[in-house]
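Participant: Show me the folded form of this:
(one chain, ligands or ions: 1)
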Amino acid sequence: MDVKISYSAKRKKTVSARLEGDVLHVLAPSTINKQRLDSMIEGFKEKVLRKKIKKELNRQNSLEKIAAKLNSRYFGNSLNVGSVEYSTSQNKRYGSCNCLTGDIKISSRLRDVPEWVRDYVIVHEMAHIIEPNHGKNFYELVNKYKLAERARGYLMALGMNSGER
Ligand SMILES: [Zn+2]
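Facilitator: Predicted structure coming up:
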């Protein structure tokens with residue numbers, strides 16, 4: 001990614017950036033400290049890159065289709081699943097679920113794990129649509145997935161968890 005910086009004497013504080021093709025256009029006040037600007041540009045680049053990765057991941061690999069299959073196999077198609085997407089902002093946590101909307105986010109770190117591990121994570125997050133907490137009922141739902149225990153071991157070895165307390 002190339003960076004093109006334009007300085008403006010009129011700008012007071014704010015720095016803005018937008019991506020055009022492969023060029024990041026940055027608009028900065030002419031008085032800005034160079035080091036500060038560099039670190040801001042790094043931040044912009046990272047954000048753009050994350051967005052790109054996320055877009056590519058979600059195009060290649062339709063998690064929603066997988067979730068629909070799992071919904072029919074393990075929940076009798078009873079769940080109202082919202083969007084199911086990879087997220088690039090979850091590194092330690094393997095997934096999260098918004099119980100109200102049924103929207104599920106799966107860590108992009110899981111793009112390279114075996115399918116049965118990824119499927120466990122999706123089942124885990126889907127079960128939260130019924131049971132927000134990690135209680136007995138929750139594990140009864142999740143453990144219908146045959147490889148649940150093994151998948152938990154696999155994820156633990158990666159240093160990832162579900163945010164359980
Ligand atoms: Zn959980």
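
Participant: Contacts only, for the closest residue to Asn98 other than its chain neighbours.
Facilitator: In space, Asn98 comes closest to Gly82 once its chain neighbours are excluded; the distance is 7.2 Å by C-beta to C-beta, 6 or more residues apart in numbering. Heads up, the C-betas are built off the backbone N, CA and C, glycines and all. Neighbouring residues of Gly82 by C-beta atoms under 8 Å, 6 or more residues apart in numbering: 98, 101-104.

Participant: Buried residues of the helix or strand bottoming out on mean pLDDT in the chain, list them for me.
Facilitator: In the chain, no helix or strand scores lower on mean pLDDT, DSSP states H and E than helix 34-60, which sits at a mean of 87. Neighbour-count burial for helix 34-60 flags 37, 41, 44-45, 54, 57-58 (criterion: 16 or more other C-beta atoms under 10 Å).

Participant: Tabulate these in TSV, adding columns for distance to Ser8.
Facilitator: As requested, the buried residues of helix 34-60 are arranged in TSV below (distance: C-beta to C-beta, whole Å):
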residue	distance to Ser8
Leu37	13
Ile41	16
Phe44	17
Lys45	21
Lys54	31
Leu57	36
Asn58	36
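
Participant: and which of these is nearest Tyr120?
Facilitator: Lowest distance from Tyr120 to the buried residues of helix 34-60 (C-beta to C-beta) belongs to Leu57, with 18.4 Å.

Participant: From Val123, how far out is the residue nearest to that closest one when sequence neighbours are not counted?
Facilitator: Ranked by C-beta to C-beta, 6+ apart and with sequence neighbours excluded, the top spatial neighbour of Leu57 is Tyr86, at 4.4 Å. Separation of Tyr86 from Val123 (C-beta to C-beta, to the nearest Å): 16 Å.

Participant: pLDDT score for the residue nearest to Asn98?
Facilitator: For Gly82, the model assigns a pLDDT of 93.

Participant: Tell me the secondary structure at it.
Facilitator: coil (DSSP: H, G, I helix; E, B strand; the rest coil).

Participant: go on, Ile122?
Facilitator: Following three-state DSSP, the label given to Ile122 is helix.

Participant: That concludes my questions; thank you for your assistance.
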